[in-house]
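A.B. asks: All I have is the shape, not the residue letters:
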């Protein structure tokens, strides 16, 4: 059963939620984690990872880092997924950079 935390008001009204000892930024993200765990148990996905990090480097200079919510293998494909309730302009930029730098289209749920 997820545990909700209420330390302070969130900018986007999300509620930190704890599942399996992991604190997620929102109830939606925690719920998606449970869905993905079930898919992994059923064998539909494998190698579920939380918060994989991608760096954007140009001409030897690190520009910034993007941390997705999940990464997993579905069939032969690596899926990078981000749970979104609200898309910020920074997220939109980093999603485009993922495609340009790494050839990865971020799956939004």
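C.D. replies: Alright, I've got the coordinates. In this text, all values refer to a predicted model and were calculated from it rather than measured experimentally.
A.B. asks: need the contact list for the residue most central in space within the chain.
C.D. replies: Note on the chain: the residue nearest the mean C-alpha position is residue 69, at 1.3 Å, using Cα atoms, centre = their mean. Under the criterion of Cβ atoms under 8 Å, 6 or more residues apart in numbering, the contact partners of residue 69 comprise 29, 32, 50, 51, 81, 82, 83. (Each C-beta comes from the backbone N, C-alpha and C, glycine too.)
A.B. asks: ok, those residues vs residue 20, which is closest?
C.D. replies: The shortest approach to residue 20 among the contacts of residue 69 belongs to residue 50, at 10.1 Å (Cβ to Cβ).
A.B. asks: Need the nearest residue in space to the closest one, chain neighbours excluded.
C.D. replies: For residue 50, ignoring the flanking residues on the chain, the nearest one in space by Cβ to Cβ, 6 or more residues apart in numbering is residue 70 at 6.4 Å.
A.B. asks: Show me what the one you found is bridged to.
C.D. replies: Going by DSSP bridges, residue 70 is paired in beta bridges with residue 50, residue 81.
A.B. asks: I figured residue 27 was touching residue 18, is that so?
C.D. replies: No. With the criterion set as Cβ atoms under 8 Å, residue 27 and residue 18 do not qualify as a contacting pair; they are 10.6 Å apart.
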